[in-house]
Structure formats: structure tokens, C-alpha cells
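Trainee: My questions are about this predicted structure, shown below with the sequence.
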Amino acid sequence: MAADDDVTVTMNTDTSRFEVKLGAEIAFAEYRLKGDTITFPHTVVPDAFAGKGVAGRLVQAGLAYAKENKLWVKPTCSFFHAYIAKRPELHELVHPDMREGLATP
């Protein structure tokens with residue numbers, strides 16, 4: 001299992017994705033920017049990335065971008081939603097319209 005330090009996330013504005021590359025494989029978290037909100041609808045992590053903490057790093061990069069740019073987060077991707085739901089300190093980043101569902105596991 002590789003350490004998280006081996007994972008580099010880049011923001012690809014051409015594809016509207018946060019990406020991690022490993023050889024020919026790309027893991028990514030799609031995003032949509034609209035006004036003061038960033039929506040994360042979909043995350044894909046190929047099997048080649050298993051056990052490397054890539055999905056978590058994609059979420060962390062997306063949330064860091066949202067925080068730095070004072071954007072509301074809409075975690076419509078089930079992985080983003082679950083990640084945030086388990087961490088109450090992140091709930092304040094979530095758009096008020098989507099906070100209610102975070103209280104449930």
C-alpha cells in the first residue's frame with residue numbers, strides 16, 4: 001500500500017475534474033461550478049489505484065478548493081457525501097439545502 005504522499009491531485013479545468021494519474025490510468029472527481037457553488041456529481045477510481053487512498057485525496061483536494069474559493073459544496077456523488085457525513089467539521093462547507101441528509105449514516 002502506497003503512502004498518501006505518493007498521490008498528487010491536479011485540477012484539470014479543461015475536463016472539470018480533479019485527477020490523479022497512474023501510468024495510463026486516471027482517477028477523477030468531476031466538478032461543476034455555478035455561481036458560489038461547486039457540485040461534485042461523480043468520482044471514478046480504477047482498480048489500479050486500490051489501497052492508495054486516492055478517493056480520499058480527490059475529496060480532500062475538491063474540498064480544499066471549495067474552502068479556498070469560499071464556495072458552497074453540493075456532494076451529489078455518494079463517495080463525497082459519505083466522506084463529508086463522517087466528518088462533522090466539514091458540514092459547514094455543504095450548501096444549506098443539502099445539510100439535512102448529512103446527519104444520517
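Mentor: Received it, and whenever you're ready, just let me know what you need. Numbering: from 1, shown residues only.

Trainee: Spatially nearest residue to Val7, not counting backbone neighbours?
Mentor: Of all residues beyond its chain neighbours, the one nearest Val7 is Arg57 (4.8 Å), with distances taken as Cβ to Cβ, 6 or more residues apart in numbering. In this view, the C-beta of every residue, glycine as well, is placed from N, C-alpha and C.

Trainee: Tell me how many other residues crowd the one you found.
Mentor: By the criterion of other Cβ atoms under 10 Å, Arg57 has 21 neighbours.

Trainee: swap in Phe80?
Mentor: Number of residues near Phe80 (other Cβ under 10 Å) recorded here: 25.

Trainee: That one contacts Ala61, doesn't it?
Mentor: No. Applying Cβ atoms under 8 Å, one finds Phe80 not in contact with Ala61, separated by 11.4 Å.

Trainee: per-residue confidence for Thr76?
Mentor: At Thr76, the model reports a pLDDT of 94.

Trainee: Ignore what I typed, I meant Ala48.
Mentor: Note for Ala48: predicted pLDDT of 89.

Trainee: what's the overlap in contacts for Phe80 and Ala61?
Mentor: By Cβ atoms under 8 Å, 6 or more residues apart in numbering, Phe80 and Ala61 have these common neighbours: Ala29.

Trainee: Surely the residue nearest to Val7 is within a strand?
Mentor: No. Counting by DSSP: H, G, I helix; E, B strand; the rest coil, one finds Arg57 to be helix, located in no strand.

Trainee: Read off the pLDDT value for the residue nearest the centre of the chain.
Mentor: Among the residues of the chain, the one closest to the centroid is Val59, at 2.5 Å (Cα atoms, centre = their mean). For Val59, the model assigns a pLDDT of 96.

Trainee: What are the boundaries of the strands in the protein?
Mentor: Listed in chain order, the strands of the chain (DSSP state E) span 10-12, 17-22, 25-30, 32-34, 37-39, 43-44, 72-74.

Trainee: Reformat these as TSV; add distance to Lys86 and mean neighbour count.
Mentor: Output for those, formatted as TSV (distance: least, Cβ to Cβ, whole Å; neighbours: other Cβ atoms under 10 Å):
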stretch	distance to Lys86	mean neighbour count
strand 10-12	24	13
strand 17-22	20	19
strand 25-30	17	20
strand 32-34	23	12
strand 37-39	20	19
strand 43-44	15	18
strand 72-74	15	22
